[in-house]
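*Asks:* Output the structure for:
(2 chains)
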Amino acid sequence: MSVSSVFPQLEQLLPLVSKPIQYVGGELGAVVKDWDATTVRWALMYPDAYEVGLPNQGVQILYEVLNEQPDVLAERTYSVWPDLEALMKAAGVPQFTVDAHRPVKAFDVLGISFATELGYTNMFSALDLAGIPLESRERTIDDPIVLAGGHASFNPEPIADFIDAAVLGDGEEAVLEITGIIRDWKAEGRPGGRDELLLRLARTESIYVPRFYDVDYLPDGRIQRVVPNRPDVPFRVSKRTTMDLDAWPYPKKPLVPLAETVHERYAVEIFRGCTRGCRFCQAGMITRPVRERSITTVGQMVKEGLEFSGYSEVGLLSLSSADHSEIGDMCSGLAQQYADSNVSLSLPSTRVDAFNIDLAKELSRNGRRTGLTFAPEGGSERIRKVINKMVTKEDLIRTVVTAYSNGWRQVKLYFMCGLPTETDEDVLEIADMAHEVIRAGREAAGTKDIRCTVSIGAFVPKAHTPFQWAKMDTPEVIDGRLKLLKQAINSDRSLGRAIGFRYHDGEPSLIEGLLSRGDRRVGQVLLRVWEKGGRFDGWSEHFNYARWVEAATEVLPGFGVDLDWYTTREREEAEVLPWDHLDSGLDKDWLWQDWQDSTTEFEQDDCRWTPCFDCGVCPSMDTEIQIGPTGKKLLPLTPVNGLRVPA
Amino acid sequence: MQRIRLRYAKRGPLRFTSHRDFARAFERALRRAAVPIAFSQGFTPHPKISYASAAPTGVGSEAEYLEIGLNAVVDPEQLRVALDAALSPGLDVLEAVVAGEGSLAERIDASRWRLELFQIEPEAARAAVAAFLEAPEVLVERMTKQGLRSFDARAAVVGCMVEAEPDLPSGAGGVPCAIIDLVVRQVIPSVRPDDVLSGLRVVAGLEPPVPPRVTRLAQGTLTEQGEIVDPLEADREGVGIGGH
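*Replies:* Residues are numbered from 1 along each chain as shown, chains lettered A, B, ... in the order given. Just a heads-up that it's a prediction; the model follows:
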């Protein structure tokens, strides 16, 4: 049965909404296939506005990997803003893909990438608009499989009742395996219906199907156990790891939007994973081991990506980009290749040391200078030992001063507030550090005209990290400390004038904390919040703390727990955590030991240059560290002669 | 420096491209097609592109114009083909000519628009247009960045008529559809097709139940006979390259 475009109906609504271009598609790199010529069809969703979702690397990679398969069709869908949502509901226009404006309900899979838990409420809006039942158990064979991915899917328990399945970890190979399972099941005439398909997915042992697991609770509200409710599904579900990034050089044809988006650049992941061991960092814990993309593959991807997209900015992405074993040659090689162009190169997520300034100087050789950002994360040396962010105050001052004396006039410093064991004093040291930075920077730069921005947000404990047992501070404590910090920064007027202060208050972080370590009972809070109008909770102008507290107060006491129980309560070693049956490879005993080490300020080194410290990932996932150097260099590019007619 | 003038179209769904969106896409297209675009001097060099007045977001156009400055001489038709391929389908480069004397802006003082009013009987539209044309002044309101402002939509209208035997748009099947042919002079504050539609509501209560679809058909110099002269005509005659 063919599926027709909803664009004729949508078109009549678009003149009435803001930024209609975001709903139109037409990006370079977009693929529109003949529906009837394909057998397995994916709708990929990023559950936020188009301007945030379009640049998402994960969605772009899977979109391309899937569409390269001749019999597979993949299209994209994003959250629609409330103005269009209201019009669509009134006019009966369903949630649609932007590629060919097909109704999402017609696809085999709706894959949703959750980078953050605050996207959960937007999932409900999309399902509701799509005409797909919100609860998994109410869906029929005519509904898509609702599949969660992204970092938040390492604890998908709060959305367990609403998704059909979740994939933990890298998606490149997982989407192809899932495609194969669906292809076979459809070819066989869909035997056993939806249940059989989900069972086949679960039997891979790396796709989590929540309905096949029961959760029992203790009288005090803690989880007693999570066990399979049928014999042929695994007790634990493992994460996916894509090895050899050179074999997966995506995106090759990045999506280039007409609408303005948060990132307008060709982004290439120079490596995946991080073993720096920052104890708060979920990304670093769940993406191990480090797998580098080689300098030559990066060079090739940048060249082809720029030619394809016409972008003038390149981002070399990873969790700590200066740690690539060939980062020096990579930066100087790329800087050389693009010296006479208007292409700017940027290296986000770098560590605090002078080597970074050298790299930044190299990258700004053609005069295009991007900002410098450092993330000491903790204000005092003590707290930095607690979180395992090994940087001394002297290092930081020296690095920033080097930046100022090399011509930078503005640096940004990122911090967190509410870290385990933190006191007011730890946070107030940020003010001393910022004052010192400006004082030394003015001397080094020989001018008073320098600035530094202190940006600070509240710490949120995440699943699969050493801090998964930690208590959160209340929003009152967080906001109080931020207020003290602001006063301390401005206590010296001359220095304070040169320091910008940006912060996120504690309330949204507390809710993020509820969701990041929540269990299935929290799902009812989510649903209640959405019913009360909760949408776009990652946006401060849409987030409504009172609505969340109200929903939590209505729902949670029925289970004998409350908001504090999930957020400001420290867990004990023996407690069964909601995600214990989901295997990130990290040994729970190692995580516990690292948590204990943090409170004694014991630091953990990086396994790339010290012996393995047995976090457990490589042996349990059968993976290994993949790093260079390869010893290869980037060669000069041959200049283009004449016009190029893009295919 | 070689200067080239382009005519391009915004068609179908891509009519929702705003001018800023188009400008970003066009700069990327220049890089995709390896066009030897000239840059301004100074601390932040900008590519040499100047746009003639752009159609509003949501309005289609067959007649948008811009001029670019190049560091090398290129064949206008090869440039047209390369840029057209470098832009998304729906943003279509229709013509490229080497720029002659003067500027594009001084050759453009009026536009012709086609307004498709779905679910409106042509007779009703005809009566509204007649009332509009008879009025000496039609005050309409529009929300601008400065707030709600009121201005005359009548004086700038050079011609407005409901087509007798229209080419009905696809999708209109079965329902009545009135097609208005509208010629408006460029004035300050500008009078746009939606202002004329507001005017029809003001004078005759004409309110299309669905948003009308509007397309700019032509821009150029207004003759005394009310015709619009293609702004690239002088360039084509002067240099003799490109064109239809």
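*Asks:* which residues sit in contact with the nearest residue to A:Arg230 once chain neighbours are set aside?
*Replies:* For A:Arg230, ignoring the flanking residues on the chain, the nearest one in space by CB to CB, 6 or more residues apart in numbering or on different chains is A:Phe212 at 5.8 Å. C-beta here means a position set from N, CA and C on the backbone, and glycine is covered the same way. The contact partners of A:Phe212, taken as CB atoms under 8 Å, 6 or more residues apart in numbering or on different chains, are A:198-199, A:202, A:228-230, A:233.
*Asks:* Save the residues you listed as JSON lines, and put in neighbour count, pLDDT and secondary structure too.
*Replies:* Formatted as JSON lines, the contacts of A:Phe212 follow (neighbours: other CB atoms under 10 Å in any protein chain shown; pLDDT from 0 to 100; DSSP: H, G, I helix; E, B strand; the rest coil):
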{"residue": "A:Leu198", "neighbour count": "21", "pLDDT": "98", "secondary structure": "helix"}
{"residue": "A:Leu199", "neighbour count": "15", "pLDDT": "98", "secondary structure": "helix"}
{"residue": "A:Ala202", "neighbour count": "23", "pLDDT": "98", "secondary structure": "helix"}
{"residue": "A:Pro228", "neighbour count": "16", "pLDDT": "98", "secondary structure": "strand"}
{"residue": "A:Asn229", "neighbour count": "9", "pLDDT": "97", "secondary structure": "coil"}
{"residue": "A:Arg230", "neighbour count": "12", "pLDDT": "95", "secondary structure": "coil"}
{"residue": "A:Val233", "neighbour count": "20", "pLDDT": "97", "secondary structure": "coil"}
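*Asks:* Closest one of these to chain B?
*Replies:* Closest approach between the contacts of A:Phe212 and chain B, by CB to the nearest CB: A:Leu198, at 36.5 Å.
*Asks:* how close does the residue lying closest to the closest one once chain neighbours are set aside get to A:Leu127?
*Replies:* Nearest residue to A:Leu198, sequence neighbours excluded (CB to CB, 6+ apart): A:Val209, at 4.9 Å. Separation of A:Val209 from A:Leu127 (CB to CB, to the nearest Å): 18 Å.
*Asks:* on that earlier part again, mind pulling the model confidence for the residue nearest to A:Leu198?
*Replies:* We have a pLDDT of 98 for A:Val209.
*Asks:* number of nearby residues for it?
*Replies:* By other CB atoms under 10 Å in any protein chain shown, 26 other residues sit near A:Val209.
*Asks:* Quick one: residues contacting it.
*Replies:* A:164-165, A:198-199, A:201-202, A:233.
*Asks:* Tell me the spacing between it and chain B.
*Replies:* 38 Å (CB to the nearest CB, to the nearest Å).
*Asks:* can you give me phi and psi for that residue?
*Replies:* phi -110, psi 100 (degrees, to the nearest 10).
*Asks:* how much space between it and B:Ala153?
*Replies:* With CB to CB as the criterion, A:Val209 and B:Ala153 are 61 Å apart.
*Asks:* Could you tell me how many residues sit around B:Glu123?
*Replies:* That count, for B:Glu123 with other CB under 10 Å as the rule, works out to 11.
*Asks:* brain fart, B:Asp167
*Replies:* B:Asp167: 7 neighbours (other CB under 10 Å).
*Asks:* Ramachandran coordinates for it?
*Replies:* phi -80, psi 100.
*Asks:* can you tell me the residue of the stretch 251-400 of chain A closest to chain B?
*Replies:* Counting by CB to the nearest CB, the stretch 251-400 of chain A gets nearest chain B through A:Gly310, at 3.1 Å.
*Asks:* for the residue nearest to that residue when sequence neighbours are not counted, what are its contacts?
*Replies:* Take A:Gly310 and drop its neighbours on the chain: the residue closest to it by CB to CB, 6+ apart is B:Arg28, 3.1 Å away. By CB under 8 Å, 6+ apart, the contact set of B:Arg28 is A:28, A:256, A:309-312, B:86.
*Asks:* And for A:Trp42?
*Replies:* A:62, A:66, A:72-75, A:107-109, A:111, A:175, A:179.
*Asks:* quick one on the thing from earlier: for B:Val74, see how far away the residue of the stretch 251-400 of chain A closest to chain B is.
*Replies:* From A:Gly310 to B:Val74 the distance is 17 Å (CB to CB).
*Asks:* Am I right that A:Val454 is in a strand?
*Replies:* Yes. The assignment for A:Val454 by DSSP: H, G, I helix; E, B strand; the rest coil puts it in a strand.
*Asks:* Centre of the chain to stretch A:546-564, how far?
*Replies:* Chain-centre distance of stretch A:546-564: 27 Å, with CA atoms, centre = their mean, to the nearest Å.
*Asks:* Can you give me the first-to-last residue distance of that stretch?
*Replies:* 15 Å (CA to CA, to the nearest Å).
*Asks:* Quick check: phi and psi on the residue nearest to B:Pro56 when sequence neighbours are not counted?
*Replies:* The shortest distance from B:Pro56 to any non-neighbouring residue, by CB to CB, 6+ apart, is to B:Arg192 (5.7 Å). For B:Arg192, the backbone dihedrals (degrees, to the nearest 10) come out as phi -110, psi 170.
*Asks:* pLDDT score for B:Arg192?
*Replies:* The model's pLDDT for B:Arg192 equals 95.
*Asks:* So what's the residue count around it?
*Replies:* 19.
*Asks:* How about the contacts made by A:Asp537?
*Replies:* By CB under 8 Å, 6+ apart, the neighbours of A:Asp537 are A:118-122, A:508, A:511, A:529, A:543.
*Asks:* let me fix that: A:Cys417
*Replies:* A:427, A:456-459, A:473, A:478, A:481-482, A:485, A:503, A:506.
*Asks:* Go ahead and confirm B:Val73 touches B:Gln2.
*Replies:* Yes. Applying CB atoms under 8 Å, one finds B:Val73 in contact with B:Gln2, separated by 5.0 Å.
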